[in-house]
Every structure is written in structure tokens, then in C-alpha cells.
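> this one's structure only:
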């Protein structure tokens, strides 16, 4: 819906709620008193400085995410699963969303003589991305998001890719690289330097390879192992993010 600002503006900075919502949706910077007015009917604790920094640029819903793939080459492989915590900056609550390939997905792809095991999964991942104003991952700007876009193109689902500018992106790997000092810029080291607990499971590549074969006796065991690995990665990313966002700029990198 197109909003005519002349209908609710008395001067350049006195807007009623439709005007404030319009500015928020367009990611036009709001003052703290305008943010308070916009969300006065949403139950929340007094906003912190960090919350104001997100909200003043129209970022309310933040998706912290991770994918697991069968290999690094998207032309010959697929996304096994993804995990995402959708964080409401206003209330502080998080919603957990998750999806993984199924035996039915594999059978359908084999019947069609391709390896598009993740075709359906890409659709749910895209939908969840579209619910967010910003997505955040560890090394996601270099791996997860490019892999997702490539798989969408290769499965002839390019409409699933959010149009440029629809999403902001942040990368805890970049936060770590620019503002912290660790042996390596891995998620494992990120969680250590931010005072969290390293829960990462060992990457046993045998489990990742087994995902290709739905009739393998250890297929479900492999899937459970990989999905657990993915869930823990996202939990650790969120923990570290909450530590470093207080001394890093709010990323408004458009993707």
C-alpha cells in the first residue's frame, strides 16, 4: 500500500502511527521518541540502547541462521537442512524454524532424474527469510547466502531469491574479524572469545555423505546428527551476536 505522507504529517517530524510505520518500513531513521510511540501498544521492557539502534533503522525481525550442505559445490550437491531463530527485537522473544530434506524429497528428485533433493526446502527457507528485516550468520555472507541463491537458480526457482534491498545482512564472522582477536575467525573460536560454551559436534563426513542414500540403514541417524549440529551452530551464533552487537555498528548491508 502506498502511503501519502501529506495526509498525516503536520510538519517534517510530527507523524502519527501510519506515518511512523511508513518510515519504519522504508528503513528511514526514526528518533527514540518516535520508536516509543510506534510500539507503545506492544508489550515490552524498556528498550536498551542496542534495541533502539536496530529499531531506528527499521529492523525488528532478525533471522539468525545456518545451513548444512552435502558438499561445498552447489552445482553437484544440495542443502541438507537449515535452522533459524527469528528474533523479535521489540519483545526479545525468538521463534525457532527448521527444515530438512526428507526421503520423499529424495525419491521425487530421483524420479525426475536430478539431485534437487532440496527443492522444497529452498521454498520454506525463502519464506522464512521474507519474514525478516535482517539475517545474520557466521560466514554467511561468504557461504550460506551465496549457496542458497545458487541452489535456487539451479533448481529453476530464482523467484525465491529476495530482491536486492529487501533484506539487510550481518555476519558475525566479520564482526569477529574486525573487532576481536582470536586464533582463527571460526564459529568455534567466536563462541570461546565471547564467553559461551562450545557445543559444536565433530564433523564426521561419513554422515554427510550418507544423506545421498535414503535407503541406507544409517540415513536417519545421519540426518539427526547433522540437524543437531546445525541447531547448535545457530544457538552459538546468537549467543555470540548478543555479546558483540553492543560494540559493533548495526549492519545495513543490503543483499
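Nice, I can see it. Quick caveat: nothing in here was measured; it's all calculated off a predicted structure.

> Quick check: longest helix in the chain by residues?
For the chain, the helix reaching the highest residue count under DSSP state H is reported as helix 219-244.

> That one - contacts with which helices or strands?
Counting contacts by 3 or more Cβ pairs under 8 Å, 6 or more residues apart in numbering; DSSP states H and E, helix 219-244 is packed against strand 61-69, strand 79-88, strand 94-100, strand 134-137, helix 172-179, helix 187-193, helix 205-210. For every residue, glycine as well, the C-beta is placed using N, CA and C.

> quick check: angle from that helix to helix 172-179?
40 degrees (axes from the mean of the first three to the mean of the last three Cα atoms, to 10 degrees).

> Any idea how far helix 219-244 is from the middle of the chain?
13 Å (Cα atoms, centre = their mean, to the nearest Å).

> Residue 58 is in contact with residue 21, isn't it?
No: the pair residue 58 / residue 21 is not scored as a contact, 9.8 Å apart, by Cβ atoms under 8 Å.

> quick one, which of those two is more surrounded?
residue 58 (19 against 14; other Cβ atoms under 10 Å).

> Could you give me the buried positions within stretch 173-180?
For stretch 173-180, the neighbour count (16 or more other Cβ atoms under 10 Å) marks 173, 174, 175, 176, 180 as buried.

> same check, this time on stretch 199-211
207, 208, 210, 211.

> Can you name the residues that contact the first one?
In other words, residue 207. By Cβ atoms under 8 Å, 6 or more residues apart in numbering, the contact set of residue 207 is 218, 221, 222, 225, 226.

> out of everything not next to it in sequence, what's closest to it?
Leaving aside its chain neighbours, residue 207 sits nearest to residue 222 (4.0 Å; criterion: Cβ to Cβ, 6 or more residues apart in numbering).

> is it true that that neighbour touches residue 214?
No: in this structure residue 222 lies outside contact range of residue 214 using Cβ under 8 Å: 10.5 Å.

> burial count for residue 141?
Residue 141, neighbours per other Cβ under 10 Å, totals 19.

> Find the nearest non-adjacent residue to it, please.
Nearest non-adjacent residue to residue 141 (Cβ to Cβ, 6+ apart): residue 171, at 4.4 Å.

> and residue 196, what pLDDT?
For residue 196, the model assigns a pLDDT of 83.

> do residue 203 as well
pLDDT, read off for residue 203, is 74.

> Same question for residue 14.
pLDDT, residue 14: 72.

> how much space is there between it and residue 29?
16 Å (Cβ to Cβ, to the nearest Å).

> likewise residue 86?
Taking Cβ to Cβ, one finds residue 86 at 23 Å from residue 29.

> who does the strand or helix carrying residue 169 pair up with?
Per DSSP states H and E, residue 169 falls inside strand 168-171. Note on strand 168-171: by DSSP bridges, its sheet partners are strand 134-137 (parallel), strand 253-254 (antiparallel).

> Quick one: mean pLDDT for it?
pLDDT averaged over strand 168-171 gives 98.

> Stretch 225-233 too?
So the average pLDDT for stretch 225-233 ends up being 96.

> Please apply the same query to stretch 87-98.
Stretch 87-98 comes out at a mean pLDDT of 98.
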